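**Q** missing the sequence, but the structure's below:
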């Protein structure tokens, strides 16, 4: 078994489930200590930081040949979302290998990249490989809950660990998309939507459930959420989405009409859900709470909404939400801004060259992620971010469905391919 597969398997076996409850995060400490031990074995002196009990973070720096150049940050998170074992074909925290895949929660999101980064860091240190510039490796807690005990805490409290860093790579990008037989594109994330987690509250008049009520908080909130569900935010064709769809059109020979991007998205197969979500803002109700007894009309009803907005749409999104929900709905929220950069420069050229070396004829294309990553925290330090966690995937695999999904898994040969690509990139960037 290759080192990267062995590391990924061991990492999956740490149950690092993040429920956003601090008392349940102790698995992150065990995983972070494992990472620190593997780095120490190779000759690093890792910095271990625990902002809250059980929430472990590890950072190391590998000096490069030219310290005057901006350093590159390679980061990945150790935590995962919950997994219900009854829904899975295999135990989600055993790292089972079956049918050419490594199965388990975190296999894609994102212990595969943690294992690749760890394997490459260890090899470079052991073999005395000096990269062109400093490489900072960061293994982080709490990404699945916004990074308050991970990337966000490090940026606020230990920014010196990232001195000189100008660029970063991490999730979600570098994975292959089979455009047609024998033709693959590798998507590089250059932008991601902003996040607005909304807490909605509606007040009404409490009373006995047997009476006639015209001021029912539950009914008013339900009506507001129905309006939100039926609302369509405006279509906006941003530069990374335009460039991605134009690149796919060039590879397939099917014309792309910028006035009808939804038609182009509909031809993307399993990618259509994710790319389609980057054509407009979205707002989805995820939680509801009201009442305490069957025969009592409550005075308050509450809901949580997951809002995602395109770059440049933050203020417009907030105004539109208020208009759709109406004046009776009280709104409170936590938010994280969109991320975006241009698809150019020496690092992008190095990504393309590393992919080409391992998959001749393949092409890299920019795209926008509909979700969010720790890039939102690191951009506060002025760090330019790309999603590049390389994987070569089988044509029929519905990759986007594996994120937070049942039976999450990563192809073994794809994982080993990714480690080779990452090593090439860090040797040349």
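**A** Looks like it came in fine. If you're wondering where the values come from, they're calculated on a predicted model, not measured in any experiment.
**Q** any low-confidence regions in the chain?
**A** Per-residue confidence for the chain (pLDDT under 70) gives these ranges: 23-26.
**Q** Tell me the secondary structure at the most centrally placed residue in it.
**A** The C-alpha lying nearest the average C-alpha coordinate of the chain belongs to residue 373 (CA atoms, centre = their mean; 4.2 Å). Here residue 373 is coil, with the state taken from DSSP: H, G, I helix; E, B strand; the rest coil.
**Q** Kindly report the same for residue 321.
**A** helix.
**Q** okay, now it: neighbour count?
**A** A count of nearby residues for residue 321, using other CB atoms under 10 Å, gives 23. From N, CA and C alone the C-beta is placed, and that goes for glycine too.
**Q** Distance of it relative to residue 227?
**A** Here residue 321 is placed at a distance of 11 Å from residue 227 (CB to CB, to the nearest Å).
**Q** mind listing the strands in the stretch 1-150 of the chain by residue range?
**A** Ranges of strands in the stretch 1-150 of the chain, per DSSP state E, counting those that start in this stretch, are 47-49, 57-62, 71-77, 97-98, 101-103, 135-140.
**Q** just so I know, which of the ones you listed lies nearest residue 346?
**A** When these are compared for distance to residue 346 using CB to CB, the nearest one is strand 71-77, at 10.5 Å.
**Q** report the angle between the axes of the closest one and strand 135-140?
**A** 20 degrees (axes from the mean of the first three to the mean of the last three CA atoms, to 10 degrees).
**Q** just checking, what packs against strand 71-77?
**A** Here strand 71-77 touches helix 111-127, strand 135-140, strand 165-170, helix 412-428, going by 3 or more CB pairs under 8 Å, 6 or more residues apart in numbering; DSSP states H and E.
**Q** Any idea how far the last one is from the middle of the chain?
**A** From the chain centre to the centre of helix 412-428 is a distance of 19 Å (CA atoms, centre = their mean, to the nearest Å).
**Q** Tell me the spatial nearest neighbour of residue 67, not counting adjacent residues.
**A** Of all residues not flanking residue 67 in the chain, residue 134 sits nearest, at 6.3 Å (CB to CB, 6 or more residues apart in numbering).
**Q** ok but residue 176 is inside a strand, no?
**A** Yes - counting by three-state DSSP, residue 176 is found in a strand.
**Q** What helix or strand is residue 200 located in?
**A** Using DSSP states H and E, residue 200 sits within strand 194-203.
**Q** and that strand, what other elements does it pack with?
**A** Right, strand 194-203 is packed against helix 217-230, strand 300-309, helix 314-325, strand 329-336 by 3+ CB pairs under 8 Å, 6+ apart.
**Q** quick one: strands adjacent to that strand?
**A** Strands that pair with strand 194-203, judged by DSSP bridges, come out as strand 300-309 (antiparallel), strand 329-336 (antiparallel).
**Q** leaving aside the residues next to it on the chain, what's closest to residue 40?
**A** residue 46 (6.3 Å).
**Q** How many residues are close by that neighbour?
**A** Residue 46: 22 surrounding residues under other CB under 10 Å.
**Q** What of residue 295?
**A** Using other CB under 10 Å, residue 295 has 7 neighbouring residues.
**Q** Ramachandran coordinates for it?
**A** phi -110, psi 20 (degrees, to the nearest 10).
**Q** could you measure the spatially closest residue to it that is not a sequence neighbour against residue 215, distance?
**A** Nearest residue to residue 295 in three dimensions, chain neighbours excluded: residue 209, at 4.0 Å (CB to CB, 6+ apart). Distance of residue 209 to residue 215, given as CB to CB: 14 Å.
**Q** before we move on, what about residue 134?
**A** 62 Å.
**Q** Residues in a beta bridge with residue 62, which ones?
**A** residue 135.
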